[in-house]
Structure formats: structure tokens, C-alpha cells
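> Quick one, what's the 3D model for this:
(one chain, ligands or ions: 2)
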Amino acid sequence: MTKSLNTLMNVEDYKTLVDRYDVFLFDCDGVIWLGSKVIPGAKETIEYLKSQGKKLIFVTNNSSVSRAKYAEKFQKFNIKVEEQDIFSSAYATAVYLKDVISFDMSKYVYPIGGSGITDELRAMGVKVLEPHFPTIKNVDDVQGIVPDPSVGAVVVGLDVEINYSKLAFAHINITKSNALFIATNDDSTLPVQGLTFPGAGSLLSVLINSTSESPVVMGKPNQIMFDCISKANNLDLSRTLMIGDRLDTDIEFGTRAGVDTLLVFTGVTDRELAASSPISFTHSIQSLGDISKLAQ
Ligand SMILES: O=C(O)[C@H](O)[C@H](O)COP(=O)(O)O
Ligand SMILES: [Mg+2]
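Ligands and ions are numbered 1, 2, ... in the order given. Predicted coordinates:
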């Protein structure tokens with residue numbers, strides 16, 4: 001017997017949902033947008049929830065840009081979101097280094113990923129290493145990549161410009177410089193318009209395999225992300241809802257935090273996967289945009 005998807009079907013269901021919660025935690029990729037395309041109705045739903053006095057917080061595992069750049073991305077869709085209401089895995093990484101493990105700030109972090117990691121680390125006073133190794137063109141050049149004792153941590157996130165030199169430098173510092181091995185997130189895939197591509201977790205698997213080390217992972221479903229949110233917001237967990245498209249990150253994140261969850265089918269999860277997965281969720285809905293029917 002396949003499990004019930006508890007799908008919200010009509011405006012009565014949507015109204016009951018909206019009245020039930022005061023705080024809405026939104027995943028971004030696959031819920032609000034797919035790459036550069038906003039999900040139809042998502043903007044209107046966000047505006048409707050704001051008009052109802054709800055607290056909206058955005059929680060993304062995507063470390064490619066900073067919270068400030070995400071606020072600009074929302075603005076591009078004409079959605080006004082304050083930077084302090086956006087929590088990303090890159091920000092959680094910076095908090096972890098500075099406030100959780102008291103990272104040796106005389107050391108550098110070597111980042112594999114987008115500007116989000118560099119910007120958030122630097123904003124927290126963490127030094128970021130500018131790559132100074134050769135981009136190697138053949139296997140004989142690889143000895144030009146040597147451990148750098150000033151590297152105290154390697155941080156790995158989604159990097160659309162990944163290459164062997166970056167992986168080799170990260171590998172040699174994790175294995176020879178005793179550098180901490182940290183991942184912003186380990187999502188296996190990245191949802192784009194109707195497709196999925198290799199995610200941060202798939203890139204990460206190269207280094208997990210080569211170093212035989214397991215990274216400390218910052219993003220959903222891990223506690224550090226929720227600690228960042230609850231430190232900045234006084235949440236009533238019984239009136240908080242986590243909305244996401246991925247079962248093993250978003251839904252698991254909400255469940256571990258003790259809040260209800262709403263699964264959407266506009267990202268990486270379809271009904272078949274949801275029905276067969278052992279991961280349970282409180283409600284499901286085809287799209288976040290459906291809730292905007294309450295505004296009509
Ligand atoms: O590969 C990745 O990094 C993830 O697919 C992507 O970042 C997920 O972002 P989210 O759905 O948490 O906004
Ligand atoms: Mg997502």
C-alpha cells in the first residue's frame with residue numbers, strides 16, 4: 001500500500017493551511033524558482049502570505065551567491081525580501097567557522113564554489129585563499145600542485161567552473177595539510193527548468209572518494225542551518241511550516257527541527273518518488289503558486 005500524499009487540492013485546503021501557520025520557511029531552488037525562471041504564482045503567493053501578516057524566511061542550500069545577491073535575485077522578480085530573512089548554506093558555513101568551531105582566523109579557507117562562499121566568509125572576517133596554483137593541462141604537471149600550510153579549511157559548494165586543478169589542490173590540502181573538510185551542502189542534483197543537473201553533493205563525492213574523508217556538511221537537513229534561523233528569529237515551532245522540493249534535505253530539515261512540512265512537486269521530487277520514499281511529510285501541493293488562488 002503506497003502512503004497518502006496528503007495533497008492540498010482546493011482553496012479550502014489552502015486557506016486551512018495558511019490559517020494554521022504563522023511562519024513559513026521556504027526552500028528556493030525548485031520551490032520559488034528554477035534557475036532564472038520564477039515558478040508561476042510563487043510571487044503572488046509570497047505577497048498574499050505577507051498581506052496576511054505571516055513571517056517569511058528563505059532557506060537555500062545553494063551556496064553559489066551571497067544573501068545580498070539572493071535579495072537582488074528576489075528583487076529581479078519584483079519580490080521584496082530583506083537580506084536578514086535569507087539563510088544560505090554559505091552563510092551557515094561562515095557562522096560555523098567563526099562562532100561554532102572558533103576557526104583559527106590566522107589560517108585561510110580554500111573555497112571550491114561560487115562567490116557566495118567567498119563573500120559570506122569574508123563578511124565574517126574569515127580569510128579566503130586566492131588560488132595560486134597552475135591550471136594543469138596534463139598529468140605530468142600535477143606535481144606543481146602542493147599543500148599550502150596556511151590553508152586551515154577546504155569548503156566545497158556548487159561550482160559550475162569545477163576543474164581537476166581545483167580538486168587536486170583541495171585533495172592535497174585535506175590529506176597533507178590537515179585542512180578541515182567542509183561542504184556547504186550535499187544535494188545530489190540541481191533542479192533547473194524541467195531538468196536536473198549534477199548538484200553540489202555530486203561534485204563533493206569526487207573528494208570524498210579521493211581523500212577517504214567525510215566532510216562536515218552545513219546545509220539542510222543539518223542542525224547548523226536551523227540554529228542560524230532560530231538564533232535570529234523567535235520561532236513557535238508549532239506554528240511554523242517548512243516548504244521544500246527535496247525530501248532528504250528540505251523535508252528532513254523540517255522534521256528534525258520539529259516543524260510541519262509541505263512538499264511541492266515543482267522541483268526534484270515527483271508524486272511517484274514521494275509515495276515510495278520512507279521520508280514522510282505533513283502536506284503536499286503541486287506548486288507553491290497554487291496558494292495564490294486565495295488572492296483572487
Ligand atoms: O546542488 C545544489 O547546490 C542544490 O541543488 C541547490 O543548491 C539546492 O538549493 P535549494 O533547493 O536548497 O534552494
Ligand atoms: Mg530545492
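> Tell me how far whichever residue of the stretch 151-296 of the chain sits closest to ligand 2 lies from ligand 1.
Among the residues of the stretch 151-296 of the chain, D245 lies closest to ligand 2, at 4.4 Å counting by CB to the ion. (C-beta placed from N, C-alpha, C; glycine too.) For D245, the distance to ligand 1 equals 6 Å [CB to the nearest ligand atom, to the nearest Å].
> Alpha carbons only: can I get stretch 150-157 in CSV?
Extracted C-alpha coordinates of stretch 150-157, given in CSV (Å, rounded to 0.1, in the frame of the first residue of the first chain):
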residue,chain,number,x,y,z
SER,A,150,48.3,28.4,5.5
VAL,A,151,45.1,26.5,4.5
GLY,A,152,43.1,25.6,7.6
ALA,A,153,39.9,24.5,5.8
VAL,A,154,38.6,23.5,2.4
VAL,A,155,35.0,24.5,1.8
VAL,A,156,33.2,22.8,-1.2
GLY,A,157,30.0,24.0,-2.7
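> Toward the C-terminus from the helix or strand harbouring L207, list the very next helix or strand.
Using DSSP states H and E, L207 falls within helix 200-211. Later in the chain than helix 200-211, the nearest helix or strand by DSSP H and E is strand 216-217.
> quick revisit: tell me which residues are up against the helix holding L207.
Helix 200-211 has contacts (CB atoms under 8 Å, 6 or more residues apart in numbering) with 61, 63, 112-113, 154, 156-159, 162, 167, 170-171, 174-175, 181, 183-190, 213-215.
> Only the buried residues of that helix, if you could.
200-201, 203-204, 206-208, 211 (16 or more other CB atoms under 10 Å).
> same deal with stretch 256-274?
In stretch 256-274, counting by 16+ other CB under 10 Å, buried: 257, 259-269, 274.
> now do stretch 77-84
Buried residues in stretch 77-84, counted by 16+ other CB under 10 Å: 77, 79, 81.
> can it be found next to ligand 1?
No. Shown here: stretch 77-84 not in contact with ligand 1 (CB under 6 Å from any ligand atom), separated by at least 13.4 Å.
> okay, that stretch in PDB with CA atoms only?
Output of stretch 77-84 as PDB, limited to C-alpha atoms (Å, rounded to 0.1, in the frame of the first residue of the first chain):
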ATOM      1  CA  PHE A  77      11.300  39.000  -9.800                       C
ATOM      2  CA  ASN A  78       9.800  42.000  -8.000                       C
ATOM      3  CA  ILE A  79       9.700  40.200  -4.700                       C
ATOM      4  CA  LYS A  80      10.900  42.300  -1.800                       C
ATOM      5  CA  VAL A  81      12.900  40.200   0.600                       C
ATOM      6  CA  GLU A  82      15.300  41.500   3.300                       C
ATOM      7  CA  GLU A  83      18.800  40.000   3.400                       C
ATOM      8  CA  GLN A  84      18.400  39.100   7.000                       C
END
